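Student: can you look at this prediction? I've put the sequence above it.
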Amino acid sequence: MRLVLLGPPGAGKGTLAGFLNKELDIPHVSTGDILREEMKNNTPLGQEVKKYVESGGLVPDEVVIKLIKNKFSNGEVDKGYMLDGFPRTEVQAKDLDAILTILDKPVDYAVYLDASLPVVIERLTGRRICRSCSAIFHIKNNPPKKEGVCDECGGEIYQRPDDNEETIRTRMDVYLENTKPVIDYYNAQGKLKKVDADKDSQEVQENLMKIFDSTGG
Ligand code: AMP
């Protein structure tokens, strides 16, 4: 299956991607994860994007489009893909379509996780992530069994620096201005599948599987 996951920060795209990866074995591509890895390794790209990521702004389109082109050209996503955090602008969506048309691997569905601001803030301020395997925890709703240690791989758990209230509000503004049009873009193509993402992750997953079943996906 070929999917893009859309929705505001904190809507649960990463959690859903983890579930779909296990359940349907669809490769997960997160531009945010790729950028954080570059920053951690202090590569030239990591240095270039740091200021955007840390402030909650968007990395320039041409930089992320190049990253996605590389991903698609090395065959990693031949058996399907799930793009998380990309496309985030209409320019990215159109360029993605152009790349996918050449590869004959068009998007099947754009899954829109619709979540409200208070829910997003509560989720993101409590979110904790494993540095090694990117597993997602929450200090209240889903704490790791041992504080600071990942249940999945034993890695170190940390809080993303951009998961503070001020930066979350900036990311939400950026989302409303730039990413909402992407939702309209996929809606116009008849590919949008909307799910209420204020619900807990299990309900979201069940509802989405029902949608896939009813559309034969
Ligand atoms: P995420 O992990 O998806 O929340 O992304 C974290 C940050 O990485 C965002 O706030 C942006 O600064 C940057 N980023 C990730 N994906 C994109 C994208 N498709 N376009 C521009 N910036 C991005």
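Tutor: Noted; the coordinates are in hand. Residues are numbered from 1 along each chain as shown.
Student: identify the bridge partners of Glu156.
Tutor: With DSSP bridges as the criterion, Glu156 is bridged to Val149.
Student: so how many other residues sit close to it?
Tutor: 12 (other Cβ atoms under 10 Å). In this view, the C-beta of every residue, glycine as well, is placed from N, C-alpha and C.
Student: so what's it up against?
Tutor: By Cβ atoms under 8 Å, 6 or more residues apart in numbering, the contact list for Glu156 reads 130-132, 148-150.
Student: and it, how far is that from the ligand?
Tutor: Remark: distance between Glu156 and the ligand (Cβ to the nearest ligand atom, to the nearest Å) = 18 Å.
Student: do Phe86 as well
Tutor: Counting by Cβ to the nearest ligand atom, the gap from Phe86 to the ligand is 4 Å.
Student: likewise Gly14?
Tutor: Gly14 is 7 Å from the ligand, by Cβ to the nearest ligand atom.
Student: wait, doesn't Gly126 sit right on Asn142?
Tutor: No - applying Cβ atoms under 8 Å, one finds Gly126 not in contact with Asn142, separated by 9.1 Å.
Student: do you know the pLDDT at Ser73?
Tutor: Note on Ser73: pLDDT of 86.
Student: repeat for the one 4 residues further on
Tutor: The model reports Val77 with a pLDDT of 82.
Student: hmm, His28 and it touching each other?
Tutor: No - if you go by Cβ under 8 Å, Val77 and His28 don't touch, sitting 9.7 Å apart.
Student: residue closest to the middle of this structure?
Tutor: Taking Cα atoms, centre = their mean, the centroid of the chain lies closest to Asp84, which sits 2.9 Å from it.
Student: how about the closest residue to the ligand within the chain, nearest residue that isn't a chain neighbour?
Tutor: Residue nearest to the ligand within the chain: Gly32 (2.0 Å; Cβ to the nearest ligand atom). Nearest residue to Gly32, sequence neighbours excluded (Cβ to Cβ, 6 or more residues apart in numbering): Gly85, at 4.6 Å.
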